[in-house]
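Novice: Here is my input, please return the structure:
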Amino acid sequence: MPHSECAFPIEPEEPAAVASRLLPSPVRHGKGAGGESLSRPRPLIIAHRGGTPGEIENSATAFRHAIEAGVDMLEFDLRQAGDGGLVLLHNPVLHAEGRRWVVADSSVEELRELVPTLMTLDQYLEAFGHRRPFNLDLKTHGFEREVVVALEHHGVVEQAVISSGHTLSLRRLARLNGRIERGLSRGHAASSSLAISPLAFVNRTYLRLMLPWMIRLANADATMIQYHLADKVLVDRLHAAGCRVFAWTIDDGNQAAALAATGVDGITSNYPRRIRWALDQQTW
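Specialist: Down below sits the predicted model:
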């Protein structure tokens, strides 16, 4: 059944109705202050570009190590090469031997000469598509149909969450296959030097106010937000409309624990082992 986009504005729904549309997160069990048994979801731990320090990002080795570390979800970046191939790369330009190589103008084989660990989307889906749910982050747009065809071919539509900062890209994905979960990515300025500028508070306030409208316009049913934007009021509002909320990128255990208290559905990290240990110390 197709995903329906987040609905705003709405009256708060019954909790059971909201929960029925949200995929469950892993549950941790513990004891309350009075010894009573407690059980509530903890956020999914998501390996950012494989989340394996010491390994090349977006590589098969990084993904294998992340799975061994017990992550709940893998995350990777996707671009289209000049010959139409879909490759797992974050940066639009590679530098080697004093030259610039523009990904969109280079063939897969040329790129692989620069990055021997380079994976294509088909290679990733063949090796890992059924092993963990994954967040496929589109770094640009215009190749949505090719992505959907690949997901359908490998039978991993239900495993995927596709994120993008491009509203029209997400709308096109919804038309191509409404069963694919789609997440609007926002808050990139909050992770840059702008985060400490005098306008930082204004920027964060604006995004918090406008995010529900942005998600609806994008026909999305999830959002990936920079963790500084996440607070309980916003997360509760998005949950009430049936949206999952993922926060990026958190590498500090204490920050992750505080973020988990807001109710986010997933925490993306370069150090998933560290985050998992920090969250496992909490009472869930």
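
Novice: C-alpha from now on. contacts and neighbour counts both.
Specialist: Will do.

Novice: give me the number of residues near T223?
Specialist: 25 (other Cα atoms under 10 Å).

Novice: what's downstream of the helix or strand harbouring E113, the next helix or strand?
Specialist: Using DSSP states H and E, E113 sits within helix 108-114. Next in sequence after helix 108-114, counting helices and strands by DSSP H and E, comes helix 121-128.

Novice: Tell me if I'm right that Q80 and H90 touch.
Specialist: No: between Q80 and H90 there is no contact under Cα atoms under 8 Å: 10.9 Å.

Novice: Which one of the two is surrounded by more residues?
Specialist: Higher neighbour count among Q80 and H90: Q80, with 28 against 18, using other Cα under 10 Å.

Novice: Please tell me how far the closest residue to that one other than its chain neighbours sits from H48.
Specialist: The shortest distance from Q80 to any non-neighbouring residue, by Cα to Cα, 6 or more residues apart in numbering, is to L86 (4.6 Å). L86 sits 19 Å away from H48, taking Cα to Cα, to the nearest Å as the criterion.

Novice: which one of those two has more residues nearby?
Specialist: More crowded of L86 and H48, by other Cα under 10 Å: H48, with 27 against 21.

Novice: ok, now which ones touch that one?
Specialist: L74, E75, F76, T249, T268, S269, N270 (Cα atoms under 8 Å, 6 or more residues apart in numbering).

Novice: what does G187 give?
Specialist: Counted by Cα under 8 Å, 6+ apart, G187 has contacts R204, L207, I225, Q226, L229.

Novice: Next, the buried residues of stretch 79-89.
Specialist: Residues R79, Q80, A81, G82, G85, L86, V87, L88, L89 are the ones in stretch 79-89 that count as buried (16 or more other Cα atoms under 10 Å).

Novice: neighbouring contacts of stretch 243-252?
Specialist: Residues contacting stretch 243-252 (Cα under 8 Å, 6+ apart): 5-6, 22, 48, 221-227, 230, 235, 238-239, 256, 264-272, 274-275.

Novice: Would you list the buried entries among those residues?
Specialist: Among the contacts of stretch 243-252, those classed as buried by 16+ other Cα under 10 Å are 5-6, 48, 221-227, 230, 235, 238-239, 256, 264-272, 275.

Novice: Which ones among the residues you listed map onto strands?
Specialist: If you go by DSSP state E, those have A222, T223, M224, I225, Q226, G266, I267, T268, S269 in strands.

Novice: now these in a markdown table, with distance to E152 and pLDDT?
Specialist: Below are these laid out as a markdown table (distance: Cα to Cα, whole Å; pLDDT from 0 to 100):
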| residue | distance to E152 | pLDDT |
| --- | --- | --- |
| A222 | 20 | 98 |
| T223 | 23 | 97 |
| M224 | 23 | 97 |
| I225 | 27 | 95 |
| Q226 | 30 | 93 |
| G266 | 25 | 98 |
| I267 | 27 | 98 |
| T268 | 25 | 98 |
| S269 | 28 | 98 |
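
Novice: can you pull out the strands in the stretch 101-250 of the chain?
Specialist: Using DSSP state E, counting those that start in this stretch, the strands assigned to the stretch 101-250 of the chain run over residues 134-138, 160-164, 181-186, 222-226, 244-248.

Novice: Could you check the angle the third one makes with strand 244-248?
Specialist: Regarding strand 181-186 and strand 244-248, their directions subtend 50 degrees when assessed with axes from the mean of the first three to the mean of the last three Cα atoms, to 10 degrees.

Novice: sorry, back to before: adding distance to R112, write the strands of the stretch 101-250 of the chain out as JSON lines.
Specialist: Listed next are the strands of the stretch 101-250 of the chain as JSON lines, based on distance: least, Cα to Cα, whole Å:
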{"stretch": "strand 134-138", "distance to R112": "20"}
{"stretch": "strand 160-164", "distance to R112": "24"}
{"stretch": "strand 181-186", "distance to R112": "28"}
{"stretch": "strand 222-226", "distance to R112": "29"}
{"stretch": "strand 244-248", "distance to R112": "28"}
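
Novice: so which of those strands gets nearest E57?
Specialist: Among these, strand 134-138 comes nearest to E57, with 13.7 Å by Cα to Cα.

Novice: Tell me what angle the closest one forms with strand 222-226.
Specialist: Strand 134-138 and strand 222-226 are oriented at 70 degrees to each other (the same axes, to 10 degrees).
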